[in-house]
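In: following is a predicted model, sequence given first.
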Amino acid sequence: MLAQSEAFSGFAVPDIAEAQRFYGETLGLDTEVLDEQNGLMTLHLAGGRDTLVYRKPDHEPASFTILNWRVDDIDAVVDGLNGRGVELERYEGMEQDEKGVMRGRAANRGPDIGWFTDPAGNILSVLQES
């Protein structure tokens, strides 16, 4: 029924202007405010995968990762994030190194991954698979 229909994802934030600053300036993504009055913005992500960001005044962040970026060099990306004031999250029970990266590749348990949050508390990640 929907196999041939184009789909897109979306997530909520309480403040579109703050989200645009973070995603556009801090992370360097291409952002487009679609409707400032109604709080709608698009993140134009690599690969043509646009994501809708919408204002929700009573927003509560999800308890799971909403966006993941595959990167070629996780250490360089984490260093770049740190240089822009973004710190990785630390989770109890997760073996993370001094940078906050869980090194799954070394133990053949999946990718190296690091999690961080946007100003709204939404969980994001960068990961290196190979």
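Out: Arrived safely, thanks for sending.

In: what's downstream of the helix or strand of the chain with the lowest mean pLDDT, the next helix or strand?
Out: Every helix and strand of the chain was ranked by mean pLDDT, DSSP states H and E. The lowest is strand 102-103, at a mean of 93. On the C-terminal side of strand 102-103, the closest following helix or strand by DSSP states H and E is strand 112-117.

In: now do that following strand: which elements does it pack against?
Out: Judged by 3 or more Cβ pairs under 8 Å, 6 or more residues apart in numbering; DSSP states H and E, strand 112-117 is in contact with helix 74-83, strand 102-103, strand 123-128. (Glycine included, C-beta is placed from N, CA and C.)

In: want to try JSON lines for these, with distance to residue 110 and mean neighbour count as columns?
Out: Putting the helices and strands packed on strand 112-117 into JSON lines (distance: least, Cβ to Cβ, whole Å; neighbours: other Cβ atoms under 10 Å) gives the following:
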{"stretch": "helix 74-83", "distance to residue 110": "13", "mean neighbour count": "16"}
{"stretch": "strand 102-103", "distance to residue 110": "9", "mean neighbour count": "20"}
{"stretch": "strand 123-128", "distance to residue 110": "8", "mean neighbour count": "21"}
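
In: redo those as TSV? Include distance to residue 90.
Out: Putting the helices and strands packed on strand 112-117 into TSV (distance: least, Cβ to Cβ, whole Å) gives the following:
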stretch	distance to residue 90
helix 74-83	13
strand 102-103	10
strand 123-128	13
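
In: which one of those lies closest to residue 45?
Out: Set against residue 45 and scored by Cβ to Cβ, those come closest in strand 123-128, at 11.8 Å.

In: any low-confidence regions in this protein?
Out: Filtered on pLDDT under 70, the chain yields the residue ranges 105-107.

In: for it, what spans make up the strands?
Out: 9-13, 30-35, 40-45, 49-55, 65-70, 102-103, 112-117, 123-128 (DSSP state E).

In: alpha carbons of the last one, as PDB, please.
Out: What that stands for is strand 123-128. What follows is strand 123-128, C-alpha atoms only, in PDB (Å, rounded to 0.1, in the frame of the first residue of the first chain):
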ATOM      1  CA  ILE A 123      19.500  12.200  21.500                       C
ATOM      2  CA  LEU A 124      21.700  12.200  18.400                       C
ATOM      3  CA  SER A 125      24.600  10.000  17.500                       C
ATOM      4  CA  VAL A 126      27.700   9.700  15.300                       C
ATOM      5  CA  LEU A 127      28.900   6.300  14.400                       C
ATOM      6  CA  GLN A 128      31.700   4.600  12.500                       C
END
